[in-house]
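# Give me coordinates for this.
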Amino acid sequence: MHGGHERRRSSGGGHESSDDEGFEVEVDELINDSRSSSRQYWWKRRFSSKRSEAGINATSTAAGNGIISRSSESDSLFDRVVIHPDNRWYVVWTHFILLWAVYSSFFTPLEFGFFRGLPENLFLLDSFGQIAFLIDIIVRFFVAYRDFHSHRIVYDRHLIALRYLKSRFLVDLLGCLPWDVIYKAAGREEAVRYLLWIRLSRARRVTEFFEKLEKDIRINYLFTRIAKLFVVELYSTHTAACIFYYLATTLPPAQEGYTWIGSLKMGDYSYSHFREIDLWKRYITSLYFAVVTMATVGYGEIHAVNIREMIFIMFYVSFDMILGAYLLGNIAALIVKGSKTEKFRDKMTDLIKYMNRHSIDRSISKEIKNHLRLQYDRSYTEAAVLQDIPASIRSKISQKLYEPYIKQVHLFKGCSTGFIKQIATRIHEEFFLPAEVIIEQGDVVDHLYIVCHGELEKLGRGEDDDNDELQERLQTYSSFGEVSFLCNTPQTYAVRVLQLCRVLRLDRQSFRELLEIYFLDGRLILDNLVEGKDWNTRNKLLESDITLYIGKHEMELVMKVNCAAYDGDFYRVKRLIGAGVDPNKVDYAGRSPLHVAASKGHEDITRFLIERGGDVKMSDKFGNTPLLEAIKGGHDQVASLLVNAGASLTIEDAGDFLCAAVARRSLDLVKRVLANDMNPNAKNYDQRSPLHVAASEGLYPMAELLLEAGASVLSKDRWGKTPVDEARIGGNKKLMILLESARASQLSDFSDGSQVLN
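Numbers count the residues shown, from 1 in each chain. Purely as a prediction, here's the structure:
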């Protein structure tokens, strides 16, 4: 399995939550923070950075108990104690506080509506509850928390306190104040009683409890949802019942007949002087009024009497319609099994069955569960929202979101804008949890990763191949896996996540498709790869592998241009050269595109290559120049272009070349090379001139051509023979006459001092 798809957790990778308790990874906050960090106030940026440092420098954990103790000896025991959020005793405490939160959430409306001053027994009970909440406030200053930027547990006491003070501390503290005592001390001022509603903030603990239950696959989802809906309905009617009764008590006893309960008569029983009726009976009557009003949308046997009651019932009935729609919608969702949470639970159940059936290791199972929960949370991100958007619009959005990150990566330094935009449309966004290993050392990866947010570390084996040593920390705008990705070599280091990180992933196939078009950018990337690495002795072999890959890549480009030149595909040659291919790069035989175009006689391609700087004097491994290729092919127009561009016919071992051409009876080739100032008296390894070969073979037209070009009949080979001697041996009388005549003429010229013979 490729390293890009493996999700392995290294040992000692931090504190882990309970297997089946859900957690919320604040992906939205992570993304928003990374995009709006430049607009934050300075103190927010500092606070965020300190939280990150606290997560990285997390302190040691006492074995098994979840109580954290920092190693600083200067701190007191009070300052050094921090409670892990998964500590079993703290979990018990949270459940204890949950019970008091349920009590407080239901008793607060009851106290507001039915009591103006608590009796002694209820006062003692309420006081005990407020003391429990005060203790919880103190405990919260010692409880570590999971930072939503890095997803690491933060143990720094100062950051814990600052976070709590900025969030719920004030509301929690106000909720613990003895409002009943304050109300009596203030002369029973009615406005003081309204401050009791601050305690309803404790209902948040109940909602958080239900959220955890919904994600807990050990508990039936249908039961959890129905229980939650029932509690919502019950609490709404309970609160409304308390307010109904409170409205009736706002009128003096003399006017209680102008209230809904004071004027109420059910059968033979009258509610006149209702303040003297038993508390339980009054509450049940109020609750009945509230339930009937909600269920019948205001039509029942109890009705509003005064204006205040009418106004409140109008708002209450409007709220009931919304609440009813909410309840019916949730019930419908349960029937059709379409909710996001239920799909998550079904998938989690299937995964657990699969892992149990195959006896998968507990650490791997936990990692799979965490990733599934992470996918559940990140379904709210832009990537999931844009799934149904047309591809063209998604491409524009991807370029807007990811292009700034890609431009800052050293690997893509200097690349064209078009290439960067195309990469932005082909990358995929992924999230990884702390302590996960994204790439293992020794893997051959087929993905390139770019860090958008978070922090990772590169780990490599030491000299003893036993211990991992830290090589580098990776942060925003860093890339990793590029060497293995580009060179198809084993990964030389592992990459482990330190903070919850957001990375961009580019697969190899998409990258290669882009290189088919953006050749110059591919070369720049390879140059940046070598430039951006601090090579040491252990990496010399790796550098040679990269060099080999660069050479292979360049050879592929040259072969593409040469093939296009061979086929006469002028537009493909033009596009390839325009994309950055060097026209003077050669293939395995040392042939440049100009060699190939000249040999095939493609005049337009030859002219284009000359204009783009093609070297007209370059020789291949066999000593052939573009001009010689054109001459060999009989392409006079191409040869003329090359000559006008400064080419000259230079042939290594010209004597061998001419003698071989004469022996092959290539009269046209000999004529063309002689026309391009080739020396007709050049000799081969036997000191034989082309005229020697023509005479020995009896080639009269060839001998005539050579003589016209200035070939000497007086030249001798290694055996002392002249062309005339070769003609005599061959017995060609016509050729003998031609050579004898030329010999007499050359001797006459020699005697006149007009020619110097070898």
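# And the helices in the stretch 301-450 of the chain, which stretches?
Counting by DSSP state H, counting those that start in this stretch, the stretch 301-450 of the chain has helices at residues 307-336, 340-357, 362-378, 382-385, 391-408, 417-426.
# would TSV of those with mean neighbour count, mean pLDDT and distance to Thr239 be doable?
C-beta coordinates here come from the backbone N, C-alpha and C atoms, glycine included. Formatted as TSV, these follow (neighbours: other Cβ atoms under 10 Å; pLDDT from 0 to 100; distance: least, Cβ to Cβ, whole Å):
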stretch	mean neighbour count	mean pLDDT	distance to Thr239
helix 307-336	13	84	10
helix 340-357	14	70	26
helix 362-378	17	65	32
helix 382-385	13	56	36
helix 391-408	16	85	44
helix 417-426	18	91	52
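# Kindly reformat those as a markdown table containing distance to Ser286.
A markdown table is the format used below for the helices of the stretch 301-450 of the chain (distance: least, Cβ to Cβ, whole Å):
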| stretch | distance to Ser286 |
| --- | --- |
| helix 307-336 | 12 |
| helix 340-357 | 35 |
| helix 362-378 | 41 |
| helix 382-385 | 45 |
| helix 391-408 | 54 |
| helix 417-426 | 62 |
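# Which one, of these, ends up nearest to Leu699?
helix 417-426 (59.9 Å; Cβ to Cβ).
# The closest one packs against which elements?
If you count contacts as 3 or more Cβ pairs under 8 Å, 6 or more residues apart in numbering; DSSP states H and E, helix 417-426 packs onto helix 391-408, strand 501-507, helix 508-515.
# can you list the ones you listed in TSV and add distance to Arg168?
Listed next are the helices and strands packed on helix 417-426 as TSV, based on distance: least, Cβ to Cβ, whole Å:
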stretch	distance to Arg168
helix 391-408	33
strand 501-507	28
helix 508-515	47
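# now for the ones you listed, which one comes closest to Ala661?
Closest among those, using Cβ to Cβ: helix 508-515, at 43.7 Å.
# For that closest one, name the packing helices and strands.
helix 417-426, strand 447-453, helix 519-531.
# If I take the first one and strand 447-453, what angle do their directions form?
Angular relation of helix 417-426 and strand 447-453 on a 0 to 180 degree scale: 90 degrees, by axes from the mean of the first three to the mean of the last three Cα atoms, to 10 degrees.
# show me where pLDDT drops low in the stretch 201-350 of the chain?
217, 297-301, 335-346 (pLDDT under 70).
# the strands in it, which residues?
If DSSP state E, counting those that start in this stretch is used as the criterion, the strands of the stretch 201-350 of the chain fall at 265-266, 269-270.
# partners of the last one, with directions?
Strands flanking strand 269-270 in the sheet, each with its direction: strand 265-266 (antiparallel) (DSSP bridges).
# nearest to Ala227, of the helices and strands packed on helix 508-515?
Between the helices and strands packed on helix 508-515, strand 447-453 lies closest to Ala227; by Cβ to Cβ that is 38.1 Å.
# Parallel or antiparallel, list what pairs with that closest one.
Partners of strand 447-453 in its sheet, by DSSP bridges: strand 479-480 (antiparallel), strand 501-507 (antiparallel).
# Of these, which is nearest Phe112?
strand 501-507 (46.5 Å).
# Let me see the residues that make contact with that closest one.
4, 30-31, 34, 402, 405-406, 423, 426-432, 438, 446-456 (Cβ atoms under 8 Å, 6 or more residues apart in numbering).
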